[in-house]
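K.L.:
Sequence first, predicted model second:
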Amino acid sequence: MPVRIAVLLTALLLVISACAAETVVGQGAARGVDATVAAIVTTTTVAVVSASTTTTTVEPPEVRIGLALVPAGGTPVFAQPGGDPEYTIHEGILLGFDDRDGRWLEVMTTCNEPMWVRESDVDLVPRSRGAGSPGTVDLSKATIVVDPGHGDRDWGGVGPSGLAEKEANLAISLRLRTLLTASHDVNWESGLIAPGDTVPAVDAVWLTRDPDGPNQGDYELGLAYRSHIANSAGADVLVSIHNNTVPTADPVGPGSEVFYAWSVDDSDRLASLIHQELLRSFESFDIDWKGGLILGARSRIDPETDTDYYGILRRADMPAVIVEGAYISEPAEEELLRTDAFRQAYAEAVYRGIIRFLSTAEEGERINDPEVFTSDAGTVSSAACQVPRQP
Ligand SMILES: [Zn+2]
């Protein structure tokens, strides 16, 4: 019996140190604690079995789904496990993986290709085990994926004085991450957000396109990649940040629209709550707003496949939305999008919408039925997409 206890203790220490080595610095750090607890539970059994033969080799549990962070110096990428690498992917890029072969992880590149990396060449973050059902989520365990729309030669919409949507989207996304990763007090009457502890920080926020990556975060991403990151991370919510072009109407207030994933329950409620908060945030900006004929929470269905028209929403496993906050093609709205005040108001609106969605059962409003949609969304062809290489 004492031998067995000693073996168990040794095993526990080995496991704890093995997991600590896998813990990633930064926002994913808190995730490592959960993983360590799970690892101890599963591997102690192994230790008891091996006690009879007095061998105490304890393998860390295999993580089958999660995120692989490309560390400083980049990570070699292979067409299959083994052989010579095809190239070295740039440091600071986030990869999702959903399968493994021994010590090899099957990832999806930023250009949507399935490829392989060695487990030892990346920093692993296991998939989140979930923070509860929408409405009753423990915020401190929640994982959010924020997707700044477009990047690199895929500029998105461009304003009359030259502001690119990709730049505004990233700036707003960074502010949203800052909000989500700190605790606050929120005055739900006025919408005012202040330092405090009634709304805890979420566990992890992952940006699909991050200034830690190449070119200060200005790089191209495929749509499948963006959803794959959220699915691999086990995100509770996926929010893609955009701004619109070519208005068709003169609404009384802001012409914000939020598109929901038709195929995922509760996405419409998320879209609606974010839309409500956008109107509240933007109403203090006194301009002649432009918009479309249908305002509020919307969804588009591809009649050929009878699924979501937007690829990022179609592939998402969790409540997912595309936010179109303002019309960058309009001079007045482009001017707002250049300002810190408007970017912060946009980020705060999405923040409040996400918090209400996760932690309350509040119903949405202005939820439009799905529209049949056949136009081309105008995304840059993925055929010429280049995965950023480490110089
Ligand atoms: Zn866009």
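P.N.:
Thanks, I have it.
K.L.:
Which single residue in the stretch 1-150 of the chain comes nearest to the ion?
P.N.:
Closest residue of the stretch 1-150 of the chain to the ion, Cβ to the ion: Gly149 (4.1 Å). Any C-beta I mention is one placed from the backbone N, CA and C, and that applies to glycine too.
K.L.:
what's near enough to touch the closest residue to that residue other than its chain neighbours?
P.N.:
Leaving out its chain neighbours, the residue that sits closest to Gly149 by Cβ to Cβ, 6 or more residues apart in numbering is His242, at 4.1 Å. His242 makes contact with Gly149, His150, Gly156, Glu165, Asn169, Ile322, Val323, Glu324, Gly325 under the criterion Cβ atoms under 8 Å, 6 or more residues apart in numbering.
K.L.:
Now for the one residue in the stretch 101-250 of the chain that gets nearest to the ion, which secondary structure element holds it?
P.N.:
Of all residues in the stretch 101-250 of the chain, His242 sits closest to the ion, at 3.5 Å by Cβ to the ion. For His242, the host element (DSSP states H and E) is strand 237-244.
K.L.:
Would you give the sheet partners of that strand, along with the direction of each?
P.N.:
strand 143-148 (parallel), strand 320-327 (parallel) (DSSP bridges).
K.L.:
wait, does the next helix or strand after the longest one contact the ion?
P.N.:
Secondary structure here is assigned by DSSP H and E; on that basis, the next helix or strand after strand 320-327 toward the C-terminus is helix 331-337. No - using Cβ under 5 Å from the ion, helix 331-337 stays clear of the ion, coming no nearer than 12.2 Å.
K.L.:
For the most centrally placed residue in the chain, give me its contacts.
P.N.:
Nearest to the centroid of the C-alpha atoms of the chain, with distances taken as Cα atoms, centre = their mean, sits Val145, at 1.6 Å. The contact partners of Val145, by Cβ under 8 Å, 6+ apart, come to Val205, Trp206, Leu207, Thr208, Ile229, Ala230, Ala233, Ala235, Val237, Leu238, Val239.
K.L.:
Just send those residues back as JSON lines, with neighbour count too.
P.N.:
What follows is those, written out as JSON lines (neighbours: other Cβ atoms under 10 Å):
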{"residue": "Val205", "neighbour count": "22"}
{"residue": "Trp206", "neighbour count": "24"}
{"residue": "Leu207", "neighbour count": "23"}
{"residue": "Thr208", "neighbour count": "27"}
{"residue": "Ile229", "neighbour count": "24"}
{"residue": "Ala230", "neighbour count": "28"}
{"residue": "Ala233", "neighbour count": "27"}
{"residue": "Ala235", "neighbour count": "28"}
{"residue": "Val237", "neighbour count": "28"}
{"residue": "Leu238", "neighbour count": "31"}
{"residue": "Val239", "neighbour count": "27"}
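K.L.:
Around the ion, pick out the residues from the chain.
P.N.:
Gly149, Gly156, His242.
K.L.:
Make a markdown table from those and add distance to Ser183 and pLDDT to it.
P.N.:
Formatted as a markdown table, the residues of the chain next to the ion follow (distance: Cβ to Cβ, whole Å; pLDDT from 0 to 100):
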| residue | distance to Ser183 | pLDDT |
| --- | --- | --- |
| Gly149 | 28 | 98 |
| Gly156 | 32 | 96 |
| His242 | 28 | 98 |
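K.L.:
got those as a markdown table, with distance to Ile193 columns?
P.N.:
A markdown table is the format used below for those (distance: Cβ to Cβ, whole Å):
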| residue | distance to Ile193 |
| --- | --- |
| Gly149 | 24 |
| Gly156 | 27 |
| His242 | 22 |
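K.L.:
what's the distance between Thr88 and Pro200?
P.N.:
38 Å (Cβ to Cβ, to the nearest Å).
K.L.:
residues of stretch 344-363 that come out buried?
P.N.:
Residues of stretch 344-363 classed as buried by neighbour count (16 or more other Cβ atoms under 10 Å): 344-359.
K.L.:
Give me the subset of these that lies in helices.
P.N.:
Using DSSP state H, the subset of the buried residues of stretch 344-363 located in helices is 344-359.
K.L.:
got any ranges where this structure has weak pLDDT?
P.N.:
1-60, 376-382 (pLDDT under 70).
K.L.:
Helices of that one, start to end?
P.N.:
2-22, 31-51, 165-180, 223-233, 267-282, 311-314, 331-337, 340-359.
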